[in-house]
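[1] Fold the stuff below for me.
(one chain, ligands or ions: 1)
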Amino acid sequence: MKVTFFDSKPYDIASFEKYNSIDGMEFRFYETKLNEDTVNLAAGSDAVCVFVNDTVNAAVIDALYANGVKLIALRSAGYNNVDIKHAFGKIHVVHVPAYSPYSVAEHAMALLLTSVRRIHKAYNRTREFNFSLNGLIGFDLHGKTVGVIGTGKIGRIFAGICGGFGMKVLAYDKFPSDNSGMEYVPLETLFEKSDVISLHCPLTDETRHMIDSKAIDSMKKGVVIVNTSRGGLIDAEALLEGIKQRKIGAACLDVYEEEADIFFEDRSGHILGDDILARLISMPNVIVTSHQAYLTAEALDSIAQTTVENIRSFVRSDGYCENELCYRCGNIEHCKKERMQKCF
Ligand code: NAI
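    From the prediction side, this is the model:
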């Protein structure tokens, strides 16, 4: 099984290298992202291994198929960058549904605490021997209401962490869980009542820009928005406007809609072409991390292990892989839960 890796960074290579040349697997690592210009690097491969900012649209899938690629192995949980519908019948798609949901949930809380206790400001001040506290007043999380949108693996852990801080948790999910013990409310109620809103649902056509100007208008003044899910959930222009109007108290962003050509790379010597991101970063109440929430040693190990197991199960004679993203019945989320065989 020849596997071509795209968007592979030194830390990816380090976590996968130990599986290379074992059980007939042969890895080839490319730093470049997968897109229409780079797809031919996969020629001669049985599988490609991709990450969140690789482009796996219809044209790329057709080119992969023409090159004989049979499997797309995502090193991520989210799969919004893959046209699964188009891949159906041509190339199987597998993902890593869970690697360390704690990594993302803990990062969301790290961002939230940094923001509400102004740690990012204090860190810079004390390095310059500025020990003034002016402008650093934060607020207690205890007693505040947090709205958790998406109560899957990460959302539930984040809700639990918030519970530990003595916060009241309100939840919204399109498919609420019967046994989570959470208080589910309509999305509008969550927007109206939450002091903090944290996003943990996938990016789909339905959830794209779920935080838009209308949603922001209905939120509490001073609301803190945390997004460790996908950038496209938030209309960044509306977010910026909400911050300028002082409606939004703070934003903690690990993801950004147009991150694909910016995040994960050192752009420090360049002029940032994205004015909205530049303006957001310039705000004292906005913290941006570069899609870093998953980046723990535990998560990287787990991603490599599950990805290799996904490839191995695909090679096995029946080809069934429990982590296949199946489009057979047109509903990936539900189909995955019910089927016990290959997608096609
Ligand atoms: P999950 O699949 O366990 O949970 C997602 C939840 O969202 C489910 O409960 C689902 O019912 C719900 N949902 C689906 N459609 C919805 C809608 N229209 N409105 C509200 N809720 C909806 O996924 P998990 O593992 O908790 O991950 C959540 C998201 O976190 C992923 O989709 C991914 O985009 C993001 N993520 C970000 C990482 C980072 O490094 N920043 C790393 C890993 C995941």
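
[2] Tell me how many other residues crowd the residue of the stretch 101-250 of the chain at minimum distance from the ligand.
    Relative to the ligand, the nearest point of the stretch 101-250 of the chain is residue 152 (1.7 Å; CB to the nearest ligand atom). Placement of C-beta: from N, CA and C, glycine included. A total of 18 residues lie near residue 152 under the criterion other CB atoms under 10 Å.

[3] What does the pLDDT read for it?
    On the pLDDT scale, residue 152 is placed at 94.

[4] Tell me the residues of the stretch 201-344 of the chain that contact the ligand?
    201, 202, 206, 207, 228, 229, 230, 254, 255, 291, 293, 294 (CB under 6 Å from any ligand atom).

[5] And the furthest pair within those?
    The two members of these with the most space between them (CB to CB) are 206 and 294, at 23.6 Å.

[6] In terms of neighbours, single out the busier of these two.
    Here residue 206 and residue 294 are set side by side on neighbour count (other CB under 10 Å), and the busier one is residue 294, at 23 against 9.

[7] Distance check, residue 64 against the ligand.
    23 Å (CB to the nearest ligand atom, to the nearest Å).

[8] start at 46 instead
    Will do, 46 is the new start, and the previous item becomes residue 109.

[9] Next up, identify which helix or strand that residue is on.
    The secondary structure element spanning residue 109 is helix 103-111 (assigned by DSSP states H and E).

[10] Now find how far off-centre that helix is within its chain.
    Here the centre of mass of C-alpha atoms in helix 103-111, compared against the chain's by CA atoms, centre = their mean, to the nearest Å, lies 24 Å away.

[11] what's the answer for stretch 320-335, then?
    Mean-position distance between stretch 320-335 and its chain equals 18 Å (CA atoms, centre = their mean).

[12] in it, what counts as buried?
    By neighbour count, with 16 or more other CB atoms under 10 Å as the criterion, the buried positions of stretch 320-335 are 322, 325, 330, 331, 332, 333, 334, 335.

[13] Let me have those in CSV, extended by pLDDT, distance to residue 385 and secondary structure.
    Output for those, formatted as CSV (pLDDT from 0 to 100; distance: CB to CB, whole Å; DSSP: H, G, I helix; E, B strand; the rest coil):
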residue, pLDDT, distance to residue 385, secondary structure
322, 98, 44, helix
325, 98, 45, helix
330, 98, 49, coil
331, 98, 46, strand
332, 98, 43, strand
333, 98, 42, strand
334, 98, 39, coil
335, 97, 39, coil
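
[14] Adding distance to residue 61 as columns, could you present these in CSV?
    Conversion of the buried residues of stretch 320-335 to CSV gives the following (distance: CB to CB, whole Å):
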residue, distance to residue 61
322, 30
325, 33
330, 38
331, 34
332, 31
333, 28
334, 24
335, 21
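
[15] ok, and the closest non-adjacent residue to the residue of the stretch 146-295 of the chain closest to the ligand?
    Here the nearest residue to residue 197 in space, its sequence neighbours aside, is residue 245; by CB to CB, 6 or more residues apart in numbering that works out to 6.6 Å.

[16] My guess is that neighbour contacts residue 195. True?
    Yes: counting by CB atoms under 8 Å, a contact exists between residue 245 and residue 195, whose distance comes to 3.7 Å.

[17] higher neighbour count, the two?
    Neighbours around residue 245 and residue 195, counted as other CB under 10 Å, are more numerous at residue 245. The numbers are 27 against 22.

[18] distance of that one from residue 218?
    When distance is defined by CB to CB, to the nearest Å, residue 245 is 9 Å away from residue 218.

[19] which of the buried residues of stretch 320-335 lies closest to the ligand?
    residue 334 (8.6 Å).

[20] that older thread, which ones among the residues of the stretch 246-389 of the chain next to the ligand lie within strands?
    Applying DSSP state E to those, no entry is found in strands.

[21] Is it possible to get JSON lines of the residues you listed that adds pLDDT?
    Supplementary listing: these in JSON lines, determined by pLDDT from 0 to 100:
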{"residue": "246", "pLDDT": "97"}
{"residue": "247", "pLDDT": "94"}
{"residue": "251", "pLDDT": "96"}
{"residue": "252", "pLDDT": "97"}
{"residue": "273", "pLDDT": "98"}
{"residue": "274", "pLDDT": "97"}
{"residue": "275", "pLDDT": "96"}
{"residue": "299", "pLDDT": "98"}
{"residue": "300", "pLDDT": "97"}
{"residue": "336", "pLDDT": "96"}
{"residue": "338", "pLDDT": "97"}
{"residue": "339", "pLDDT": "96"}
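
[22] Counting neighbours, which of the residues you listed comes out on top?
    The member of these that has the most neighbours, counting by other CB under 10 Å, is residue 273 with 28 neighbours.

[23] quick one: contacts for that one?
    Residues in contact with residue 273 (CB atoms under 8 Å, 6 or more residues apart in numbering) are 149, 152, 153, 156, 199, 243, 244, 245, 299, 300, 338.
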